[in-house]
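Novice: Structure of the sequence below:
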Amino acid sequence: MKKHTLKTALLLASMAAIMLGVAAFPPAAKAQMTKVWEADTLDPNSNQSAVPLKFSYDGKKVICIDDYITILDVKDGKKLFSVSAQNDADISYDGRWLAVMHPYKGKDQWNQPEYYNYVAIYDIESDFKLVDSLPLKATPKGGPPYPYAVRFSPDGKKLYTTSFVYQGITLTVFDIATKEKLYSQDYVLGDGKRLEVTSDGKYYVVSIREGYKYGAPSPPRYARVYDAATNKELYKIDIGSEELDEIGRISKDNKLYTRTINSIRVYDLNDKGELISECSIGYPASVCLTKEQNYMIHFSPTYKVIDGISIEFELPSCKEINKFSLPARLEDSFNGLFLADIPSKVIEDGSTHWYIPMIALFQYNGDIVENKGYSINIPETVKEDILKIKINLNKPEYLKISLLDSSGKDIDIIKEGYFEGENDIEYNIKGLSQGIYFVQINDISYKFMVVR
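Specialist: Coordinates of the predicted model:
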């Protein structure tokens, strides 16, 4: 029996496809991260520390959390807004409001220093106009407070906050409309920076290490799970006592991902925090969820080093699916897009070195192959000189639309960039001879025939 080359095999497959009336597909590309854009819009600093990044809930904006809270447009990484603040910010689920954590130092009625935290509310649709502020608990014995975390409820009616106030952590829940404090809880000698709310609004989870004393053995860190309707603590999950053990993401089906010094654990919040998976994989610097609810981790030699290895793992089996080197540290994910820190730009000013934080948006094609977020209409036969393509996207997504010949060889890039909603694309094919061609969108190919 004769052996055929790959090119010959593809040609034969294409001919067979024409006879059978089905589509032939070039081989799918290997899973990889494709950079969509990079941005240097953040303010310089004197160190190379990474900037925490996260998507807004609708995936349209990037929140950069540093000494300034900076908001970028997901489409191109352009800066939309920036304000001096500390530690955390959040955008409401409808994309209308921005909440920013601020520390404040002022004077009381006796002209003595007064410290407290507050949450500033900005109207995004009115060019980020400051419209309100919610004061948090004041420090009773002096010394500045330290704002930690803020989250909107999915219905936009509540704000959940944590802050450090004189040797302890204070959890506060606000009614945004009335500014009323619906709930407040102090954790004496507490230490905790993370706060997450489930997307169905059923629970909120606070990371607390209570009884923490500097220089003493570290007490356990607990993920305290609250009923969002009653603000009643339902149960707590011991997630470890190491410095870097911490809660991570919550999936749409209310699975809580936590990071320990050498493993990833997954707990079911709907089943009283039952441990459903634990993958011992060494220290991960960051954890993100893919569309399939697998998780993507990124290893680095140390937490501050960006270069490293990214690995996608299947749950609950802990099976390694994909592995690749990436000069970036993944920070957050949304619908197959990943935000990441990349190596800083260096500016020399005499003896001083300044670093401009660099961030990037990546598209992971490991998600797109099985979960394309779009519908496409391409004519099976084209007799004119213009190829008309209709694409309707359910959610914003980065697409590379290419033209291939019958052997799978690239002819041209039709269009590339960030798309959303309905799109009508026209491409001139006057120079193509009669035959079979493919439109490839990321890693999925669609056959059409040119008839002259």
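Novice: going forward, measure contacts between C-alpha atoms and count neighbours the same way
Specialist: Will do.
Novice: Quick one: the strands in the stretch 51-200 of the chain, in order.
Specialist: 53-55, 61-65, 68-73, 79-84, 89-91, 97-107, 113-123, 129-138, 146-152, 158-164, 168-175, 181-188, 195-197 (DSSP state E, counting those that start in this stretch).
Novice: residues of the fourth one that come out buried?
Specialist: Residues of strand 79-84 classed as buried by neighbour count (16 or more other Cα atoms under 10 Å): Lys79, Ser82.
Novice: now the angle between strand 61-65 and it, please.
Specialist: Taking axes from the mean of the first three to the mean of the last three Cα atoms, to 10 degrees, strand 79-84 and strand 61-65 form an angle of 30 degrees between their directions.
Novice: now the angle from strand 79-84 to strand 68-73?
Specialist: Between the axis of strand 79-84 and that of strand 68-73 there is an angle of 170 degrees, by the same axes, to 10 degrees.
Novice: Output the contacting helices and strands for strand 79-84.
Specialist: Using 3 or more Cα pairs under 8 Å, 6 or more residues apart in numbering; DSSP states H and E as the contact test, the elements touching strand 79-84 are strand 68-73.
Novice: Please repeat the previous calculation with a cut-off of 10 Å.
Specialist: Helices and strands touching strand 79-84, by 3 or more Cα pairs under 10 Å, 6 or more residues apart in numbering; DSSP states H and E, are strand 61-65, strand 68-73, strand 97-107.
Novice: Neighbouring strands - and their directions - for it?
Specialist: Strands flanking strand 79-84 in the sheet, each with its direction: strand 68-73 (antiparallel) (DSSP bridges).
Novice: cool, the fifth one as well?
Specialist: The sheet places strand 89-91 alongside strand 97-107 (antiparallel), with pairing taken from DSSP bridges.
Novice: Make TSV out of the strands of the stretch 51-200 of the chain and add distance to Pro220 and mean pLDDT.
Specialist: Compiled in TSV, those are given as follows (distance: least, Cα to Cα, whole Å; pLDDT from 0 to 100):
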stretch	distance to Pro220	mean pLDDT
strand 53-55	27	91
strand 61-65	27	92
strand 68-73	31	91
strand 79-84	33	92
strand 89-91	27	95
strand 97-107	27	79
strand 113-123	27	80
strand 129-138	26	84
strand 146-152	19	88
strand 158-164	18	90
strand 168-175	15	88
strand 181-188	14	87
strand 195-197	17	94
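Novice: Distance to Arg209 added to these, as JSON lines?
Specialist: Converted to JSON lines, these look like this (distance: least, Cα to Cα, whole Å):
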{"stretch": "strand 53-55", "distance to Arg209": "24"}
{"stretch": "strand 61-65", "distance to Arg209": "23"}
{"stretch": "strand 68-73", "distance to Arg209": "26"}
{"stretch": "strand 79-84", "distance to Arg209": "28"}
{"stretch": "strand 89-91", "distance to Arg209": "22"}
{"stretch": "strand 97-107", "distance to Arg209": "21"}
{"stretch": "strand 113-123", "distance to Arg209": "21"}
{"stretch": "strand 129-138", "distance to Arg209": "20"}
{"stretch": "strand 146-152", "distance to Arg209": "14"}
{"stretch": "strand 158-164", "distance to Arg209": "12"}
{"stretch": "strand 168-175", "distance to Arg209": "9"}
{"stretch": "strand 181-188", "distance to Arg209": "9"}
{"stretch": "strand 195-197", "distance to Arg209": "13"}
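Novice: so which of these gets nearest Ser407?
Specialist: Between Ser407 and the strands of the stretch 51-200 of the chain, the shortest separation by Cα to Cα is 38.3 Å, and it involves strand 68-73.
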